[in-house]
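Engineer: all I have is the shape, not the residue letters:
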């Protein structure tokens, strides 16, 4: 089976940097993904790490260490619109994703 | 030009009824999924289809029956609805990248969700 742990809630102010950590235990691992979901909306894909290291996409970066079964999502220059839930997800066999329980990010002025 | 569209967006129905949710993707993806998101926002895989073939069935009650007439469509039929079926159901699609971790991965594209309320 697979299980993922991430904080339930993180708060930050506009312009700040926030890091959301994710640890996982899996029986088969092909990569770690991150998704953003606003209230009432659909999850949207942010990033994917199949190999160790840092991937950068604009204000968002994601990191993976397979030896530590650990990854994080880094959000820089936070904006109010970044308030949302963020999910880490492990890609297993047949491209199936197992999601963590989500981290609610609250950005205040 | 919606990539993954599912209908209806909202569904309110009584216990014991049968209902269907439709999903279509125009991305040319090989694989489609149904996920259930509960009130605590936990997203759980229900089914996965690859080129119309069932790949994953995650211990979902057999009241739930997916049907994939072609690789662009994956519908979900639910019989004898129960209160506990109330949730948001998301359809999604992806292009299977196989086992190569180093390939770029563009993730799942989700539909906008169907909020099912059983009363």
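Structural biologist: It's in. Being a predicted model, the structure only gives us computed values, none of them experimental.

Engineer: can you get me a residue count around the closest residue to residue B:50 other than its chain neighbours?
Structural biologist: The shortest distance from residue B:50 to any non-neighbouring residue, by CB to CB, 6 or more residues apart in numbering or on different chains, is to residue B:31 (4.8 Å). Just so you know, the C-beta spots here come from the backbone N, C-alpha and C atoms, and that holds for glycine as well. The number of residues packed around residue B:31, counting by other CB atoms under 10 Å in any protein chain shown, is 23.

Engineer: just to be sure, residue A:94 is in a helix?
Structural biologist: Yes. According to DSSP: H, G, I helix; E, B strand; the rest coil, residue A:94 belongs to a helix.

Engineer: how many neighbours does it have?
Structural biologist: 16.

Engineer: then residue A:13?
Structural biologist: If you count neighbours by other CB under 10 Å, residue A:13 ends up with 11.

Engineer: tell me the contacts of it?
Structural biologist: Residue A:13 sits next to A:78, A:107-109 when contact means CB atoms under 8 Å, 6 or more residues apart in numbering or on different chains.

Engineer: same question, residue B:42
Structural biologist: For residue B:42, the contacting residues are A:99, A:101-102, by CB under 8 Å, 6+ apart.

Engineer: ok, now residue B:76?
Structural biologist: Counted by CB under 8 Å, 6+ apart, residue B:76 has contacts B:20-21, B:23, B:34, B:46-47, B:64-67, B:89, B:91.

Engineer: which residue ranges of chain B form strands?
Structural biologist: Per DSSP state E, chain B carries strands over the ranges B:4-7, B:10-13, B:19-25, B:31-37, B:43-50, B:53-57, B:64-70, B:73-78, B:87-94, B:109-110, B:114-118.

Engineer: so for residue A:93, which of those sits nearest?
Structural biologist: Residue A:93 lies closest to strand B:53-57 among the strands of chain B, at 8.6 Å (CB to CB).

Engineer: quick one: buried residues of that closest one?
Structural biologist: By neighbour count with 16 or more other CB atoms under 10 Å in any protein chain shown, strand B:53-57 contains the buried residues B:55-56.

Engineer: residues in contact with it?
Structural biologist: A:94, A:96, B:31, B:33, B:45-49, B:66, B:68.

Engineer: of the strands of chain B, which is nearest residue A:55?
Structural biologist: strand B:87-94 (17.8 Å).

Engineer: name every strand pairing with the closest one and say which way it goes.
Structural biologist: strand B:31-37 (antiparallel), strand B:109-110 (antiparallel), strand B:114-118 (antiparallel) (DSSP bridges).

Engineer: that older thread, out of the contacts of strand B:53-57, flag the one nearest to residue B:77.
Structural biologist: Lowest distance from residue B:77 to those (CB to CB) belongs to residue B:66, with 7.6 Å.

Engineer: how near is the residue nearest the centre of chain B to residue A:25?
Structural biologist: Nearest to the mean C-alpha position of chain B, by CA atoms, centre = their mean, lies residue B:34 at 2.1 Å. The gap separating residue B:34 from residue A:25 is 25 Å, by CB to CB, to the nearest Å.

Engineer: the residue nearest to residue B:50 pairs with what?
Structural biologist: With DSSP bridges as the criterion, residue B:31 is bridged to residue B:50, residue B:94.

Engineer: so what's it scoring on pLDDT?
Structural biologist: For residue B:31, the pLDDT comes out at 90.

Engineer: who's in contact with it?
Structural biologist: By CB under 8 Å, 6+ apart, the contact set of residue B:31 is A:94-95, B:48-51, B:55, B:93-96.

Engineer: need the residues of chain A near chain B, please.
Structural biologist: A:30-31, A:33, A:35, A:37, A:41-46, A:48, A:50-51, A:85, A:87, A:91, A:94-99, A:101-102 (CB under 8 Å from any CB of the partner chain).

Engineer: appreciated, that's everything.
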